[in-house]
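# Just to be clear, the model below is a prediction. Sequence and coordinates:
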Amino acid sequence: MKLTKLLGIMSGVTILVLTALPASASTTSASISSNISQTTGSAAPPPCGWVVAESAYNRDSGSSYNYGVTDLNYSSCTRNVYGSLQSYYVVACNPGVDGCGSAYLYRSDGNSKTCNLTKGSKSCITVQISDAGYTSYVQSLIDNGPNTAYATTASF
């Protein structure tokens, strides 16, 4: 009886969702919520995704203007890290005369990886390395002609 009254006041969309539930599903609000989440997806982050562990803005010396952002990214499931550099503007460098920009991922045992911005690009990422038992950080620069903006993340 309660379910009949509830269905009478629900919108058509909700009724469609409820009728799409398997016949074995219970009509409790917990099971309805569970089935709806399984049907429509969940906002919860994946259990083994990447997170930004540390971040720093790329700034020209003595300036508070941000030219980009440098991130140290970490996966708790794989215990790997990678560095990323994102310029806020397309890099207009002149290869061979001035550098376009680079990010350097350093691990505490001396292992390092590099990625480079190329003319006309806005981002680069390093390859992943294991961070298990180590600490890591990223240093970067964006060289856009007369301005060079540097960043160093904290260690993680």
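Alright, I've got the coordinates. Residues are numbered from 1 along each chain as shown.

# only C-alpha atoms for contact and neighbour calcs from this point on.
Fine.

# Walk me through the domains of this structure.
2-40, 50-152 (automatic domain parsing).

# which of those has the lowest average pLDDT?
Set side by side, the domains of the chain differ in mean pLDDT, and domain 2-40 is lowest with a mean of 37.

# these two touch, right, Q86 and T70?
Yes - using C-alpha atoms under 8 Å, Q86 is in contact with T70, at 6.4 Å.

# between these two, who's got more neighbours?
T70 (29 against 23; other C-alpha atoms under 10 Å).

# contacting residues for G99?
Counting by C-alpha atoms under 8 Å, 6 or more residues apart in numbering, G99 makes contact with C93, I142, D143, N144.

# how does it look with 10 Å?
By C-alpha atoms under 10 Å, 6 or more residues apart in numbering, G99 lies in contact with 91-93, 116-119, 141-145, 148.

# Can you go through those residues and name the buried ones?
Buried residues within the contacts of G99, counting neighbours by 16 or more other C-alpha atoms under 10 Å: V91, A92, C93, N116, L117, T118, K119, L141, I142, D143, N144, T148.
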